[in-house]
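Give the three-dimensional model of this entry:
(2 chains)
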Amino acid sequence: GESVGLHLPTLSVQEGDNSIINCAYSNSASDYFIWYKQESGKGPQFIIDIRSNMDKRQGQRVTVLLNKTVKHLSLQIAATQPGDSAVYFCAEQRNQAGTALIFGKGTTLSVSS
Amino acid sequence: DTGVSQDPRHKITKRGQNVTFRCDPISEHNRLYWYRQTLGQGPEFLTYFQNEAQLEKSRLLSDRFSAERPKGSFSTLEIQRTEQGDSAMYLCASSPGGARGAFFGQGTRLTVV
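The predicted model follows:
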């Protein structure tokens, strides 16, 4: 079936390092891809999104890269901080009308100082 | 705080009982979503409203589940005859018209004993 998933369930980095979290998707018809951060006991928090006609988008300390050829999405976090420790999910949105976001399983990022 | 509000935050119920959860979206967001999340998994889409109209329902939403958004503002999710497999975090999210992504509440954690 169609799904959005992540390559690695966990990622451990040192404070100050750059982190790269990966995601593979299967539905080439998706219009938007979105990264969410979820801390323990909280709901997912929007980080950054990218439209399918783009290949890169930058935010504050974060960059999302989209490779439609291999259906791959990544989130790069610069100068990772302990506060970045959380579970990260990529999600796809199948049209612009705001219908269901489809989430993958998530990558747990642990940042040690 | 004018974010998405969910009530209660935690609910423990005996198997077979009915439970109802409430979600208050961000003011003037016309789209409202319900998701379910179990430990270690990404949120799973349940249903979606645009104003008071329920436009999409997942196959996960069995006939024991019902959701309403009677006035296009707050929404309720009811689970009848709860089963242990219903134990999960139930997340509500909202978005304004035409927007991509969604803003999530803190969730209601349901435990069925």
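
Could you list the low-confidence segments of the chain?
If you meant another chain, say so; for now it's chain A. Scanning chain A for pLDDT under 70 picks out the ranges A:1-7, A:95-99.

Chain B, not that one
Short version for chain B, where the test is pLDDT under 70: B:1, B:98-99.

Centroid-nearest residue for it?
Among the residues of chain B, the one closest to the centroid is residue B:34, at 3.4 Å (CA atoms, centre = their mean).

Wait, a strand at that one?
Yes: membership of residue B:34 in a strand is supported by DSSP: H, G, I helix; E, B strand; the rest coil.

what's the nearest residue to it once chain neighbours are set aside in contact with, if anything?
Leaving aside its sequence neighbours, residue B:34 sits nearest to residue B:46 (CB to CB, 6 or more residues apart in numbering or on different chains; 4.3 Å). Every residue, glycine included, has its C-beta placed from N, CA and C. Residues in contact with residue B:46 (CB atoms under 8 Å, 6 or more residues apart in numbering or on different chains) are B:33, B:34, B:35, B:36, B:57, B:58, B:60, B:61, B:65, B:67, B:77.

Using ChimeraX, define a selection of the buried residues within these.
Selection of buried members from these for ChimeraX, criterion 16 or more other CB atoms under 10 Å in any protein chain shown:
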select /B:33,34,35,36,57,58,61,65,67,77
